[in-house]
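> no sequence on this one, just coordinates:
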């Protein structure tokens, strides 16, 4: 099964990984506060508190479900991810 969830690391991620692996990594002085902030951001980002109803063609939903299965995701998660990325301008749709 194809899994496109894992993307190659970018330059910053590679540098961080190298620092961690070579024990050159230094933690921030207020690590507990930073962890709490990151957890709050993650909680708010991942919070799904709105339901919507949309009409979509049967052909499209079959294709979406197939692509979700290839990625090892529920199709609703795939749709939510696409909408999230579009809302945050990670990609644009030409109309």
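Cool, got the structure. Please read all numbers here as calculations on a predicted model, not as lab measurements.
> C-alpha only now, for contacts and for neighbours.
Noted.
> after the least confident helix or strand in the chain by mean pLDDT, next one along is what?
Of all regular secondary-structure elements in the chain, judged by mean pLDDT, DSSP states H and E, the least confident is helix 31-46 with a mean of 84. Following helix 31-46 in sequence order, the next helix or strand is helix 58-71 (DSSP states H and E).
> which elements pack onto that following helix?
Helix 58-71 makes packing contacts with helix 75-87 when contacts are defined by 3 or more Cα pairs under 8 Å, 6 or more residues apart in numbering; DSSP states H and E.
> circling back to that earlier point, buried sites along the least confident helix or strand of the chain?
Judged by neighbour count using 16 or more other Cα atoms under 10 Å, helix 31-46 contains no buried positions.
> got any ranges where the chain has weak pLDDT?
Flagging of the chain using pLDDT under 70 yields the residue ranges 1-6.
> repeat that with 50
Low-confidence segments of the chain (pLDDT under 50): 1.
> show me what contacts the residue nearest the centre of it?
Here the mean C-alpha position of the chain is nearest to the C-alpha of residue 81 (Cα atoms, centre = their mean), at a distance of 6.7 Å. Contacts for residue 81 were tallied using Cα atoms under 8 Å, 6 or more residues apart in numbering; there are none.
> how far does the least confident helix or strand of the chain sit from its chain's centre?
16 Å (Cα atoms, centre = their mean, to the nearest Å).
> what about the residue nearest to the centre of the chain, distance to residue 31?
Taking Cα to Cα, to the nearest Å as the measure, residue 81 and residue 31 are separated by 30 Å.
> how about residue 95?
Residue 95 sits 45 Å away from residue 31, going by Cα to Cα.
> residue 48 now?
Computed with Cα to Cα, the distance linking residue 48 and residue 31 is 28 Å.
> same question, residue 40
Per Cα to Cα, residue 40 is found 14 Å from residue 31.
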